[in-house]
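**Q** What shape does this take:
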Amino acid sequence: MRLLIIDDEENIRKTTSVLLEGLGHEAAVAANGAAALKQLEQTHFDVAFLDLKLNGENGLDLLSELLKASPQLDIVVFTAFASIDTAVEAMRRGAADYIPKPFTPEQIRQVLAKLIKARKLRGRVAELEYRLSTDSPAADLSTGEPEVQKVFDLAFKAAATPATILILGESGTGKGVLARAIHDNGSQRESAFVTVSCPSLSRELLESELFGHVKGAFTGAIGDTWGKVAAADGGTLFLDEIGELPVEIQPKLLRLLQEKEYERVGESKVRRANVRIIAATNRNLEQAVQEGRFREDLFYRLNVITLQMPSLRMRREDLRKMAGNYLRFFAAQCGKKLDKFSPDAERAMLNYGWPGNLRELRNVVERAVIVAVGGQIESDDLPDKLRQLPAQTGSSDCKAGTPVSLAELEEAHIREIIARSSTMEEAAQVLGIDPATLYRKRKRIGL
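**A** A predicted model of the protein is given here:
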């Protein structure tokens, strides 16, 4: 954390700074209220240690001014004039804790440990409130697809370790959802989960967003900022679409991965951050390495545990369930009594390729709920592209005895059985093969 020591005694400022920096924090000092308020204008602080007697200034009055300038600041009051009355008054005005002088290093450690725990709890509550307020149903990572289950099993095994994880897959397949689930099932679950979208900013702004910057580092840098790496310290840093990470930033990320060290933009001071890295991309990183757009050493450092998220068209068994989850969620939002899809609507959804994956499925179901007038989703409620599909290989012209290859005949038969079956297990039983074999055959024919 970044801590501000406000005390008119130079010796107290120095000894407290040494103690706090020895505990791994960054300390700044101020001898009076005016200097403290000026520092708060320029830099973010997590905690302030405030003396109640500042050469004629009333520390209790300054306490209110500090909180007005920085409402999220935790203030610990210390004074040689300890009394129950001043402690009660300080807490009433918003102090987080109270330490009498002379204090011991252990007292400081205990206070900071309590504040860190409280800050993590507040962050967790804010995160849960945000999740509850989002416009999507809760993530469901159960699956009826054997190959997908293997991905989830590996993900949750890796979650219990500090290993770096690389999630591959098309856009909209749920890479971010899986990254969040890994964080929630790991030892760092009580700490922050921080997302950085690599394609969203220019190189200069992305570097600042990641590592932070000091005042004057570039045009517009009017104060010090702490980047996402510092915010994720002790938790997880999720780098979304890392294939778009500029080449100039890649060595700095490699250093963070290998040494747990980084520097803010415009500053030479080396800082440390204990962050768990999860990266995701829809790009072929191996090809990017060959083309010189991605560092080979960074690729191998990221590629400790690789998870391949399958596209929605490869998850026919899960599609019904996920569509049903979206249906119930948006029906409740719209105040409609819709509980199922008609057979024609379900068939159209199962036959569609879903190039936009889960994101497209969500939008299609939300639209269908809005336009539906009956008690179920009809095929007419779906977009035209789902109802006007091109003819598939496997039409009635491809049957036993027709001059076609065995591969074409098998593909036609598999398509027909899947279309008539309510589950993939049922289709596999009819075909006389196990579900894993059916999954591989579906993947081969693009179903």
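
**Q** Can you classify the residue nearest to the spatial centre of the chain by secondary structure?
**A** By Cα atoms, centre = their mean, the chain has its centre lying nearest to Thr195, at 4.6 Å. Using DSSP: H, G, I helix; E, B strand; the rest coil, the secondary structure recorded for Thr195 is strand.

**Q** Is there a neighbour count for the spatially closest residue to it that is not a sequence neighbour? I'd like the number.
**A** Excluding its sequence neighbours, the residue lying closest to Thr195 (Cβ to Cβ, 6 or more residues apart in numbering) is Phe238, at 4.7 Å. (C-beta placed from N, C-alpha, C; glycine too.) By the criterion of other Cβ atoms under 10 Å, Phe238 has 26 neighbours.

**Q** Check Leu154 too.
**A** Neighbour count for Leu154, taken as other Cβ under 10 Å: 15.

**Q** Ramachandran coordinates for it?
**A** The phi/psi pair for Leu154 (degrees, to the nearest 10) reads phi -60, psi -40.

**Q** Report the beta-bridge partner residues of the residue lying closest to it once chain neighbours are set aside.
**A** Spatially, and ignoring its direct neighbours in sequence, Leu154 is nearest to Leu307 (6.3 Å; Cβ to Cβ, 6+ apart). For Leu307, the beta-bridge partners are Ile167 (DSSP bridges).

**Q** Just to check, Leu307 is in contact with Leu178?
**A** Yes. Counting by Cβ atoms under 8 Å, Leu178 is a contact partner of Leu307 at 6.8 Å.

**Q** Next, the contact list for the residue nearest to the centre of the chain, please.
**A** Counting by Cβ atoms under 8 Å, 6 or more residues apart in numbering, Thr195 touches Gly176, Lys228, Phe238, Asp240.

**Q** what does Ala158 give?
**A** Ile165, Ile182, Ile305, Leu307.

**Q** Show me the shaky parts of the chain.
**A** 81-82, 126-136, 138, 388-404, 419-423, 446-447 (pLDDT under 70).

**Q** Name the single longest helix found in it.
**A** helix 105-133 (DSSP state H).

**Q** can you pull out the strands in the protein?
**A** 2-6, 26-30, 47-51, 53-54, 57-58, 74-79, 97-100, 165-168, 193-197, 236-240, 261-262, 271-272, 276-281, 305-308 (DSSP state E).

**Q** quick one: which of those is nearest Phe211?
**A** strand 261-262 (5.1 Å; Cβ to Cβ).

**Q** which residues are contacting the closest one?
**A** Strand 261-262 is contacted by residues Phe211, Val229, Lys252, Arg255, Leu256, Val270, Arg271, Arg272, Ala273 when judged by Cβ under 8 Å, 6+ apart.

**Q** Which of those sits closest to Arg415?
**A** For the contacts of strand 261-262, the nearest to Arg415 is Leu256 (48.2 Å; Cβ to Cβ).

**Q** Distance check, that closest one against Ile75.
**A** 32 Å (Cβ to Cβ, to the nearest Å).

**Q** likewise Glu10?
**A** 21 Å.

**Q** likewise His413?
**A** 73 Å.

**Q** which of these two has more neighbours?
**A** Between His413 and Ile75, Ile75 has the larger neighbour count (other Cβ under 10 Å), namely 25 against 16.

**Q** Contact partners for the more buried one?
**A** Val47, Ala48, Phe49, Leu50, Leu63, Leu66, Leu67, Gly94, Ala95, Ala96.

**Q** again, only this time at 6 Å
**A** Ala48, Leu50, Leu63, Ala95, Ala96 (Cβ atoms under 6 Å, 6 or more residues apart in numbering).

**Q** would you turn those residues into JSON lines with distance to Leu23 and neighbour count?
**A** JSON lines is the format used below for the contacts of Ile75 (distance: Cβ to Cβ, whole Å; neighbours: other Cβ atoms under 10 Å):
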{"residue": "Ala48", "distance to Leu23": "16", "neighbour count": "26"}
{"residue": "Leu50", "distance to Leu23": "19", "neighbour count": "26"}
{"residue": "Leu63", "distance to Leu23": "23", "neighbour count": "23"}
{"residue": "Ala95", "distance to Leu23": "20", "neighbour count": "22"}
{"residue": "Ala96", "distance to Leu23": "17", "neighbour count": "18"}
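
**Q** So which of those is the closest to Gln42?
**A** Ala48 (14.2 Å).

**Q** Apart from its chain neighbours, what residue comes closest to that closest one?
**A** Nearest non-adjacent residue to Ala48, counting by Cβ to Cβ, 6+ apart: Leu4, 4.4 Å away.

**Q** surely that neighbour meets Ala28?
**A** Yes. The pair Leu4 / Ala28 is scored as a contact, 5.3 Å apart, by Cβ atoms under 6 Å.

**Q** More neighbours: those two, which one.
**A** Neighbours per residue (other Cβ under 10 Å) separate Leu4 from Ala28, with Leu4 holding more: 24 against 20.

**Q** check contacts around that one.
**A** Leu4 sits in contact with Ala28, Phe45, Ala48, where contact means Cβ under 6 Å, 6+ apart.

**Q** between these, which is nearest Arg316?
**A** Phe45 (53.5 Å).

**Q** show me the contacts for that closest one.
**A** By Cβ under 6 Å, 6+ apart, the neighbours of Phe45 are Arg2, Leu4.

**Q** What's the separation between it and Gln39?
**A** Taken as Cβ to Cβ, the span from Phe45 to Gln39 is 7 Å.

**Q** Can I get the contacts of Ile75 in JSON lines including distance to Leu141?
**A** Below are the contacts of Ile75 laid out as JSON lines (distance: Cβ to Cβ, whole Å):
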{"residue": "Ala48", "distance to Leu141": "42"}
{"residue": "Leu50", "distance to Leu141": "46"}
{"residue": "Leu63", "distance to Leu141": "46"}
{"residue": "Ala95", "distance to Leu141": "43"}
{"residue": "Ala96", "distance to Leu141": "38"}
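
**Q** now, which of those residues sits nearest Leu245?
**A** Closest to Leu245, out of all of the contacts of Ile75 and judged by Cβ to Cβ, is Ala48, at 36.2 Å.

**Q** quick one: that closest one from Arg92, how far?
**A** 17 Å.

**Q** Then Pro343?
**A** With Cβ to Cβ as the criterion, Pro343 and Arg92 are 66 Å apart.

**Q** got it, and Asn351?
**A** According to Cβ to Cβ, Asn351 and Arg92 sit 67 Å apart.

**Q** if you count what's nearby, which of those two comes out ahead?
**A** Remark: of Asn351 and Arg92, Asn351 carries more neighbours, 17 against 9, as counted by other Cβ under 10 Å.

**Q** Where does the record place the domain boundaries for this protein?
**A** 2-115, 146-308, 312-389, 395-447 (automatic domain parsing).
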